[in-house]
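Participant: could you work out the structure for the sequence below:
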Amino acid sequence: PPPAKYGGRHTVTLIPGDGIGPELMLHVKEVFRHACVPVDFEEVRVNSEAPEDDVQNAITAIRRNGVALKGNIETNHNLPPSHKSRNNLIRTSLDLYANVIHCQSLPGVETRHRDIDILIVRENTEGEYSSLEHESVAGVVESLKIITAGRSRRIAHYAFGLARAAARRSVTAVHKANIMKLGDGLFLQCCQEVAAEYPEITFRSMIVDNTTMQV
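Facilitator: Next comes the predicted model:
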């Protein structure tokens with residue numbers, strides 16, 4: 001937890017972002033105020049075109065406070081390729097390697113699919129979306145997908161640890177090892193090795209095409 005100030009209150013970094021982000025954060029602050037949540041927000045302005053100094057200020061604030069509430073930061077596709085995604089800068093600078101999404105049905109809300117309760121864990125610091133691209137010669141672009149054993153094992157341990165803590169019975173590794181035999185093959189191998197350390201949890205693997213079709 002973040003360090004408490006006098007009176008048991010906590011300071012939390014708030015990054016409204018842009019797009020719908022600022023509107024969402026206004027409602028969050030309103031809810032916190034009415035619920036008397038013991039939180040003081042340190043607001044830091046960062047958007048898709050913010051200079052890197054502003055991004056570094058946000059990163060410093062997050063490190064200082066230990067927790068942050070971040071709104072949407074859009075990616076401006078009109079900026080030059082040399083412009084680094086502000087989301088990516090924050091993610092890599094703080095080594096936010098685990099992207100966790102909890103998909104869960106809400107009581108009283110009618111949807112096509114019922115009784116949904118899925119935890120999705122995605123490796124956040126390497127792979128296809130690391131912004132490692134360059135134009136080797138005019139008209140030829142190389143986009144790099146880096147997979148390492150260390151980070152693959154780290155995210156696998158996180159997923160299995162989360163499953164154990166949440167009393168889940170199984171973990172499924174989603175991959176494309178049928179085509180990317182070395183890259184995703186290494187990821188899958190690391191997941192299999194880590195799975196052996198959690199014998200009470202059933203391990204499965206599934207090709208991403210099949211996964212998206214079933215989900």
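
Participant: report the longest helix in this protein, please.
Facilitator: helix 149-165 (DSSP state H).

Participant: just checking, next helix/strand downstream of it?
Facilitator: strand 170-175 (DSSP states H and E).

Participant: give the buried residues for the longest helix of the chain.
Facilitator: Residues 151-156, 158-160, 162-163 are the ones in helix 149-165 that count as buried (16 or more other Cβ atoms under 10 Å). Using the backbone N, CA and C atoms, a C-beta is placed for each residue, glycine as well.

Participant: got it, and stretch 10-25?
Facilitator: For stretch 10-25, the buried set under the neighbour-count rule, 16+ other Cβ under 10 Å, comprises 10-18, 21, 25.

Participant: ok, which stretches of this structure are strands?
Facilitator: Applying DSSP state E to the chain gives strands spanning 10-15, 39-43, 68-70, 98-104, 117-123, 133-137, 140-143, 170-175, 202-207.

Participant: for residue 186, find the nearest of those strands.
Facilitator: Closest to residue 186 of the strands of the chain, according to Cβ to Cβ: strand 170-175, at 10.0 Å.

Participant: which elements pack onto the closest one?
Facilitator: When contacts are defined as 3 or more Cβ pairs under 8 Å, 6 or more residues apart in numbering; DSSP states H and E, strand 170-175 packs onto helix 149-165, helix 183-195, strand 202-207, helix 208-214.

Participant: quick one: residue 77 from residue 13, how far?
Facilitator: Residue 77 sits 27 Å away from residue 13, going by Cβ to Cβ, to the nearest Å.

Participant: hmm, back to that, with distance to residue 100 and mean pLDDT added, can I get the helices and strands packed on strand 170-175 in TSV?
Facilitator: Shown next, in TSV, are the helices and strands packed on strand 170-175 (distance: least, Cβ to Cβ, whole Å; pLDDT from 0 to 100):
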stretch	distance to residue 100	mean pLDDT
helix 149-165	7	98
helix 183-195	16	98
strand 202-207	19	97
helix 208-214	17	92
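
Participant: in a markdown table: these, plus distance to residue 85.
Facilitator: Output for those, formatted as a markdown table (distance: least, Cβ to Cβ, whole Å):
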| stretch | distance to residue 85 |
| --- | --- |
| helix 149-165 | 19 |
| helix 183-195 | 22 |
| strand 202-207 | 28 |
| helix 208-214 | 22 |
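
Participant: of all these, which lies closest to residue 138?
Facilitator: Of all the helices and strands packed on strand 170-175, it is helix 183-195 that lies closest to residue 138, at 27.2 Å by Cβ to Cβ.
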